[in-house]
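**Q** sequence first, predicted coordinates after that:
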Amino acid sequence: MELGHWTTNLPIDITQPFGFIYLITNKINGKKYIGKKQCITILKRKPLKGKKRKRHEEKETDWKTYTSSCRELNEDICTHDKSNFCFDIIRWCNSKAELAYFEIKLQLECDALLSDDYYNGIINCRLCKFKMS
């Protein structure tokens with residue numbers, strides 16, 4: 001599986017995971033960012049003529065070229081060049097709920113909001129139960 005600029009030591013046990021939790025590290029100042037990214041998005045289409053059920057279609061996102069949603073981090077990437085950053089995938093996830101849970105879990109374990117060592121400035125999520133696969 002082609003990963004773009006992302007690196008990982010994790011095995012991929014399915015052909016297309018739903019998404020991943022990542023850690024971006026600035027090699028110059030050591031500052032980090034913890035985030036999540038979906039690999040797949042589900043498009044909901046109108047029902048076909050004469051039918052009632054909506055159609056669902058999976059589409060790959062821009063994850064191979066994605067850097068982050070953090071404005072400060074993206075500015076540093078533009079200023080210092082992408083080669084001065086490590087883009088590491090630290091966990092594959094199979095659902096949106098799993099993505100949200102493990103992102104916030106890691107952010108809280110690392111005290112990302114309390115430390116100046118992290119770019120993270122907000123934790124915003126909505127959690128629900130999910131089954132581990």
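**A** Here it is on my side, so go on. Numbering: from 1, shown residues only.
**Q** now do the strands in the chain.
**A** In the chain, the strands defined using DSSP state E lie at 19-26, 32-38, 40-45, 55-60, 85-93.
**Q** can you pull out the helices in the chain?
**A** 71-80, 96-109 (DSSP state H).
**Q** out of these, deepest packed?
**A** Greatest average neighbour count among these goes to helix 96-109 (a mean of 18), per mean count of other CB atoms under 10 Å. In this view, the C-beta of every residue, glycine as well, is placed from N, C-alpha and C.
**Q** mind giving me the packing neighbours of that one?
**A** Judged by 3 or more CB pairs under 8 Å, 6 or more residues apart in numbering; DSSP states H and E, the packing partners of helix 96-109 are strand 19-26, strand 32-38, strand 85-93.
**Q** quick one: closest of the ones you listed to residue 101.
**A** For residue 101, the closest of those is strand 85-93, at 8.5 Å, according to CB to CB.
**Q** what's the angle between the closest one and strand 32-38?
**A** 50 degrees (axes from the mean of the first three to the mean of the last three CA atoms, to 10 degrees).
**Q** return the distance of strand 85-93 from the chain's centre.
**A** With CA atoms, centre = their mean, to the nearest Å as the basis, strand 85-93 stands 8 Å off its chain's centre.
**Q** got it, and stretch 118-126?
**A** From the chain centre to the centre of stretch 118-126 is a distance of 13 Å (CA atoms, centre = their mean).
**Q** pLDDT (mean, whole number) over that stretch?
**A** Taken as a whole, stretch 118-126 carries a mean pLDDT of 87.
**Q** where does the chain have low pLDDT?
**A** 13-14, 133 (pLDDT under 70).
**Q** thinking again about what came up before, the helices and strands packed on helix 96-109: which one's closest to residue 125?
**A** Nearest to residue 125, of the helices and strands packed on helix 96-109 and by CB to CB, is strand 32-38 at 9.0 Å.
**Q** pull the residues that contact that closest one.
**A** Contact with strand 32-38 is made by 18-26, 61, 63, 66, 68-70, 73, 93, 96, 99-100, 102-103, 106-107, 110, 112, 117-120, as judged by CB atoms under 8 Å, 6 or more residues apart in numbering.
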